[in-house]
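Q: Using only what follows, build the 3D model:
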Amino acid sequence: MCPTKRPFLAVLLGLCTWLEPGKGSLPLHMNSMIQVVEMLESHYLDGNLNLTVTELARGLGCCDSEFDQLLLGEAPAVPPDLPFLSQEQRSFFTRLMKHQVQASSAEQGVVLLPDGTTVAVSPLMAGIEAGLKGLREMPLPPVALEPLLARTEPPNQTYPEPPLTIDVLYAVTIAKDLGMAFLLAQANESQVPMGPNGCWDSVYEPQNFTLLGRPSHLTDAFVNGALDGVILGAHLAGQAAPAAPLGTLLRQYYSGGGLAGDDQARSNFRRKNFVQLTKAGELEEQVARSLLLLRALPQTAPLFSGVGNEELLAIASQAVQEFTEAYLECPAIIPRCMWEARPYKGTPTQLRLPLSFVYIHHTSSPSEPCRSFPECAAAMRAMQQFHQDDRGWDDIGYSFVVGSDGYMYQGRGWHWVGAHTRGYNSKGYGLSFIGDYMHTLPDTFALTLVRDNFLQCAVRGAKIRANYTVHGHRQMVHTECPGNALFQEIQSWHGFK
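A: Numbers count the residues shown, from 1 in each chain. Predicted structure coming up:
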């Protein structure tokens with residue numbers, strides 16, 4: 001039976017009943033999209049539809065730019081009517097194919113995932129289409145190489161050999177848009193090149209997604225969709241046997257046990273898996289080659305007026321460096337709005353950054369690790385309720401909390417004084433692992449998320465000093481926190497004293 005009155009169990013593991021046509025809009029959730037995909041696939045197999053799902057998506061406006069059509073092929077014409085879809089279903093599928101960020105900071109063409117994150121559908125579909133077609137390395141058109149070969153710089157300068165090929169999978173998912181984001185930001189100093197994340201109006205019946213800061217064309221949701229597009233596209237391109245139905249593939253990746261039975265080959269671990277797929281320097285090459293091609297195409301050529309070869313390569317280098325730091329080396333953090341945080345009581349006190357200390361905790365209660373977004377979100381709400389109602393604090397005490405689902409969760413965050421280490425709250429961040437770690441350790445990936453990603457990210461972002469100190473909670477006050485096993489572990493970390 002479908003769970004009711006237990007929203008954290010139903011948030012993203014499945015809306016167990018679907019809205020019937022005429023009873024309201026389908027929720028903008030990946031499960032809704034998978035339902036439509038499966039219906040389309042069934043009619044394709046029955047011969048009632050002569051387009052695959054990805055071909056139909058492209059015909060409806062997904063990845064149909066001049067650049068995309070050159071690499072993926074011409075977008076097909078869509079039948080004027082799809083009688084097996086209700087008007088609501090067709091409208092739902094159509095509006096997902098075009099990614100847009102409005103001046104109001106509303107982001108369209110995105111869906112909520114079972115892991116609590118949000119993806120843009122268009123780069124996801126582009127990667128899947130490239131993978132299904134087996135499109136990887138293809139020659140760059142000569143027109144894209146001519147400006148690179150026509151060098152006017154002094155002869156004593158050296159340059160890389162002209163790129164002769166472009167990797168279609170990277171180009172249509174992340175490389176083109178990453179390069180363009182930084183090209184446009186360079187031309188307009190007020191333009192933000194990347195980010196931010198956003199909030200849904202409801203995590204149960206999502207309809208509207210609003211960004212949390214100044215919008216860019218390369219939002220967190222777009223990046224998530226692009227990373228997933230690369231991962232799924234590479235998976236499909238590497239298969240010798242015919243691919244599983246797209247609906248099955250999406251369920252495995254977003255709601256199931258992962259691709260090919262690997263429980264970490266799923267969206268929760270997209271950043272780590274993208275890094276493992278991408279060779280050092282490969283992404284920068286693909287961004288540079290995508291910019292070369294964009295400069296040669298009539299629709300985008302005017303944007304490159306006055307942009308020479310050296311400047312183009314510099315844009316690619318800067319774009320990949322900042323992207324890598326923000327999205328591949330930093331951990332993904334679930335914002336407060338997604339775990340349904342209560343409002344802060346009173347007026348928060350701002351931290352004076354950068355801080356010098358990081359204090360490690362475990363929650364003890366909940367004593368078990370949370371391994372899914374609904375479980376972790378419920379644990380966050382329970383802790384906040386306990387801290388506010390029982391202890392009388394203004395908010396959940398921790399700065400950030402570490403789940404065993406592949407994500408960190410925002411508590412008081414980067415800028416506000418917490419209530420985690422009495423006498424030291426204004427001097428450092430309090431990071432707590434969900435679970436009791438007296439005798440066992442958190443999962444390896446959860447430890448890595450803090451030790452290798454969070455701490456380095458905080459240094460680069462000037463949130464903590466380069467010579468930061470890591471302490472266990474028990475070093476500051478009389479407590480067994482963060483547990484014997486975890487305390488022994490952090491003694492091997494850089495900065496521990």
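Q: just checking, F269 touches D405?
A: No. Between F269 and D405 there is no contact under Cβ atoms under 8 Å: 9.8 Å. All C-beta spots, glycine's among them, are computed from the backbone N, C-alpha and C.
Q: So those two - more neighbours on which side?
A: Set side by side, F269 and D405 show more neighbours around D405, with 25 against 21, by other Cβ atoms under 10 Å.
Q: and the closest residue to D436 other than its chain neighbours, how many neighbours does it have?
A: Distances taken as Cβ to Cβ, 6 or more residues apart in numbering place S367 nearest to D436, at 4.0 Å, with adjacent residues excluded. For S367, the neighbour count with other Cβ under 10 Å is 12.
Q: mind checking pLDDT for S367?
A: S367 carries a pLDDT value of 90.
Q: before we move on, what about E88?
A: At E88, pLDDT is 93.
Q: State the distance from it to S122.
A: In this view, E88 and S122 are 21 Å apart by Cβ to Cβ, to the nearest Å.
Q: Neighbour count for these two, which is higher?
A: More crowded of E88 and S122, by other Cβ under 10 Å: S122, with 29 against 17.
Q: That one is in contact with C63, isn't it?
A: Yes. Assessed by Cβ under 8 Å, S122 is found in contact with C63 at 5.7 Å.
Q: State the distance from E129 to L72.
A: E129 is 6 Å from L72, by Cβ to Cβ.
Q: now C337
A: 35 Å.
Q: And the strands in this protein?
A: Shown for the chain, the strands assigned by DSSP state E span residues 100-101, 107-108, 110-112, 118-120, 137-139, 165-167, 198-200, 209-211, 333-334, 355-362, 400-402, 408-410, 428-433, 464-472.
Q: The second one pairs with which strands, parallel or anti?
A: Listed by DSSP bridges, the sheet partners of strand 107-108 and their directions read strand 100-101 (antiparallel).
Q: Centre of the chain to the strand it pairs with, how far?
A: 16 Å (Cα atoms, centre = their mean, to the nearest Å).
Q: Run through who's touching that strand.
A: Strand 100-101 has contacts (Cβ atoms under 8 Å, 6 or more residues apart in numbering) with 107-109, 211, 215-217, 219.
Q: Surely K427 and V358 touch.
A: No. Contact criterion Cβ under 8 Å: K427 and V358 do not qualify, at 10.0 Å.
Q: Report the residue ranges of every domain in the chain.
A: 7-329, 355-490 (automatic domain parsing).
Q: will you turn those domains into a markdown table that also has distance to T349?
A: Below are the domains of the chain laid out as a markdown table (distance: least, Cβ to Cβ, whole Å):
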| stretch | distance to T349 |
| --- | --- |
| domain 7-329 | 21 |
| domain 355-490 | 4 |
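Q: Of the ones you listed, give the one that comes closest to A341.
A: domain 355-490 (6.2 Å; Cβ to Cβ).
Q: If I look at the residue positioned nearest the centre of the chain, what pLDDT would I see?
A: In the chain, the C-alpha nearest the mean C-alpha coordinate belongs to N224, at 3.0 Å (Cα atoms, centre = their mean). As predicted, N224 sits at a pLDDT of 98.
Q: Make sure it is actually in contact with D115.
A: No. Taking contacts as Cβ under 8 Å, N224 lies outside contact range of D115: 9.8 Å.
Q: Could you tell me which residues touch both of the two?
A: S267.
Q: same for the longest helix out of those in the chain, what does it pack against?
A: If you go by DSSP state H, the chain has its longest helix at helix 220-237. Using 3 or more Cβ pairs under 8 Å, 6 or more residues apart in numbering; DSSP states H and E as the contact test, the elements touching helix 220-237 are strand 118-120, helix 121-132, helix 168-170, helix 246-254, helix 270-277.
Q: would you list these in TSV and tack on distance to A377 and mean pLDDT?
A: What follows is the helices and strands packed on helix 220-237, written out as TSV (distance: least, Cβ to Cβ, whole Å; pLDDT from 0 to 100):
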stretch	distance to A377	mean pLDDT
strand 118-120	14	98
helix 121-132	23	97
helix 168-170	33	97
helix 246-254	17	95
helix 270-277	19	96
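Q: Ok, which of these comes nearest D395?
A: Closest to D395 of the helices and strands packed on helix 220-237, according to Cβ to Cβ: strand 118-120, at 24.2 Å.
Q: got the residue ranges for the helices in the stretch 1-150 of the chain?
A: For the stretch 1-150 of the chain, the helices defined by DSSP state H, counting those that start in this stretch occupy 7-10, 30-45, 53-59, 66-72, 87-96, 121-132, 142-149.
Q: of the contacts of strand 100-101, buried ones?
A: 107, 109, 211, 215-217, 219 (16 or more other Cβ atoms under 10 Å).
Q: that older thread, ranking the domains of the chain by mean pLDDT, which is last?
A: domain 7-329 (a mean of 88).
Q: hang on, the earlier thing: pick the most buried one from the helices of the stretch 1-150 of the chain.
A: helix 121-132 (a mean of 28; mean count of other Cβ atoms under 10 Å).
Q: Now do that helix: which elements does it pack against?
A: helix 53-59, helix 66-72, helix 168-170, helix 220-237.
Q: Looking at the domains of the chain, which is nearest to R342?
A: Nearest of these (Cβ to Cβ): domain 355-490, 5.8 Å.
Q: The closest one: end-to-end distance?
A: Using Cα to Cα, to the nearest Å, one end of domain 355-490 lies 19 Å from the other.
Q: got a list of what Q491 touches?
A: Counting by Cβ under 8 Å, 6+ apart, Q491 has no contacts.
Q: Need the pLDDT of it.
A: 98.
Q: How much space separates it from H471?
A: 10 Å.
Q: Format the helices of the stretch 1-150 of the chain as a markdown table; extra columns: distance to A185.
A: Formatted as a markdown table, the helices of the stretch 1-150 of the chain follow (distance: least, Cβ to Cβ, whole Å):
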| stretch | distance to A185 |
| --- | --- |
| helix 7-10 | 39 |
| helix 30-45 | 30 |
| helix 53-59 | 28 |
| helix 66-72 | 19 |
| helix 87-96 | 26 |
| helix 121-132 | 19 |
| helix 142-149 | 22 |
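Q: mind checking which of those helices is nearest D452?
A: It's helix 121-132; of those, that one is closest to D452 (Cβ to Cβ) at 26.6 Å.
Q: That closest one to helix 220-237, inter-axis angle?
A: 10 degrees (axes from the mean of the first three to the mean of the last three Cα atoms, to 10 degrees).
Q: So what's the gap between helix 121-132 and the chain middle?
A: 16 Å.
Q: so that helix versus helix 87-96, what angle?
A: Relative orientation of helix 121-132 and helix 87-96, computed by the same axes, to 10 degrees: 80 degrees.
Q: who's in contact with S290?
A: Contacts of S290 by Cβ under 8 Å, 6+ apart are 67, 166, 171, 175-176, 179.
Q: And N425, by the same measure?
A: 417-419.
Q: I'd like to know the phi and psi angles of it, please.
A: Per-residue torsions, N425: phi -60, psi -30 (degrees, to the nearest 10).
Q: CA atoms only for stretch 235-243 - export them in PDB, please.
A: Extracted as PDB, the C-alpha positions of stretch 235-243 are listed here (Å, rounded to 0.1, in the frame of the first residue of the first chain):
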ATOM      1  CA  HIS A 235      27.000   3.800 -19.700                       C
ATOM      2  CA  LEU A 236      24.900   3.400 -22.800                       C
ATOM      3  CA  ALA A 237      27.700   4.000 -25.300                       C
ATOM      4  CA  GLY A 238      29.800   1.300 -23.600                       C
ATOM      5  CA  GLN A 239      27.100  -1.400 -23.700                       C
ATOM      6  CA  ALA A 240      27.600  -4.300 -26.100                       C
ATOM      7  CA  ALA A 241      24.100  -5.600 -25.700                       C
ATOM      8  CA  PRO A 242      21.000  -3.600 -26.600                       C
ATOM      9  CA  ALA A 243      20.100  -0.900 -24.000                       C
END
